[in-house]
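[1] fold the stuff below for me.
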Amino acid sequence: MGLFKDYVSQTRKPEGTLGKMMLKGMNSGHAKMADWGLSHLTKIAPKEIAELGCGGGRNVGELLKKYSDANVTAIDYSPLSVEKATEYNKEEIEAGRCVVKEGDVSRLPLEEGKFDLATAFETIYFWPGLEKCFGEVARILKPGGYFMIVNESDGTDKASIKFEKIIEGMKAHTSDEIEEALKAAGFSKIKVDHHKSKPWITVLAKK
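    Residues are numbered from 1 along each chain as shown. Just a heads-up that it's a prediction; the model follows:
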């Protein structure tokens, strides 16, 4: 149990050898869920995107592919995640389309009103206060900008409840809790989609 707990706890802030293993596993293991989330982005054509809690950087790469005219700024508070996401997106960084920065979602080191789209894949479980952090996301978005949250858990499935007890600081929020915090942070036109056969959710909110 000790090694397992140490490993799964790396989901919060990957570091060291176990963290490298976790980031590699995230890139591959969460791919189908992330792509399902991305499929919800059908009506917008963002030019500036913020990818928050970027982990190993796979979803940064997918956003760059989906929106070939856009720039992506990726943020993570794990130095190891910043390192790995930078390696993963090396070519696009060199081309000037991508920047990866270390930063905290409760105090985003990003310009106010710059972004058309912000994304958060499998990360808000660890954000220190949803309303405060969502307020920071609202701050960096342009009027009419979108914030998309994609979670593997809807806050009620047995697996997430189990991991909440193992991983310090983890909270699997329900869609109602997420929606309430988004409204309090100033978002409108919030749409929640549940996967047909899994506890996955995608939340799309407009500022």
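[2] next one: the residue nearest to the spatial centre of the chain from Glu91, what distance?
    The centre of the chain sits closest to Ala120, judged by Cα atoms, centre = their mean, with a distance of 2.1 Å. Distance from Ala120 to Glu91, counting by Cβ to Cβ, to the nearest Å: 24 Å. C-betas here are computed from N, CA, C, even on glycine.
[3] stretch 189-197: how far from the chain's middle?
    Stretch 189-197 sits 16 Å away from the centroid of its parent chain (Cα atoms, centre = their mean, to the nearest Å).
[4] typo on my end, stretch 188-201
    That offset, for stretch 188-201, works out to 15 Å (Cα atoms, centre = their mean).
[5] repeat that for stretch 80-95.
    Relative to its parent chain, stretch 80-95 has a centroid offset of 16 Å by Cα atoms, centre = their mean.
[6] quick check: buried residues in that stretch?
    80-86, 88-89, 92-93 (16 or more other Cβ atoms under 10 Å).
[7] please name the bridge partners of the residue nearest to the centre of the chain.
    When bridges are taken as DSSP bridges, the partners of Ala120 come out as Ile149.
[8] hang on, it packs against Met148?
    Yes - under the contact definition of Cβ atoms under 8 Å, Ala120 touches Met148, with a separation of 7.3 Å.
[9] what residues does the host helix or strand of Val192 touch?
    Mapping Val192 onto the secondary structure by DSSP states H and E places it in strand 188-194. Judged by Cβ atoms under 8 Å, 6 or more residues apart in numbering, the contacts made with strand 188-194 from elsewhere in the structure are 40, 154, 175, 178-179, 182-183, 200-207.
[10] closest to Ile140 out of those?
    Proximity to Ile140 was ranked across those by Cβ to Cβ; first place goes to Lys207, at 9.7 Å.
[11] the closest one touches Gly186, doesn't it?
    Yes - here Lys207 reaches Gly186: they are 6.7 Å apart, a contact under Cβ under 8 Å.
[12] now for the two: what residues contact both?
    Common contact partners of Lys207 and Gly186 (Cβ under 8 Å, 6+ apart): Ala138.
[13] more neighbours: which of those two?
    Remark: of Lys207 and Gly186, Lys207 carries more neighbours, 22 against 15, as counted by other Cβ atoms under 10 Å.
[14] and the pLDDT at the residue lying closest to Leu52 once chain neighbours are set aside?
    If the residues on either side of it in the chain are set aside, Leu52 comes closest to Ala120, at 4.8 Å by Cβ to Cβ, 6 or more residues apart in numbering. Model confidence at Ala120, given as pLDDT, is 98.
[15] what's the spacing between Ala120 and Ile49?
    Distance from Ala120 to Ile49, counting by Cβ to Cβ: 12 Å.
[16] what do you get for Glu94?
    Using Cβ to Cβ, Glu94 is found at 18 Å from Ile49.
[17] can you check Ser197 too?
    Remark: distance between Ser197 and Ile49 (Cβ to Cβ) = 29 Å.
[18] I appreciate the help and will end here.
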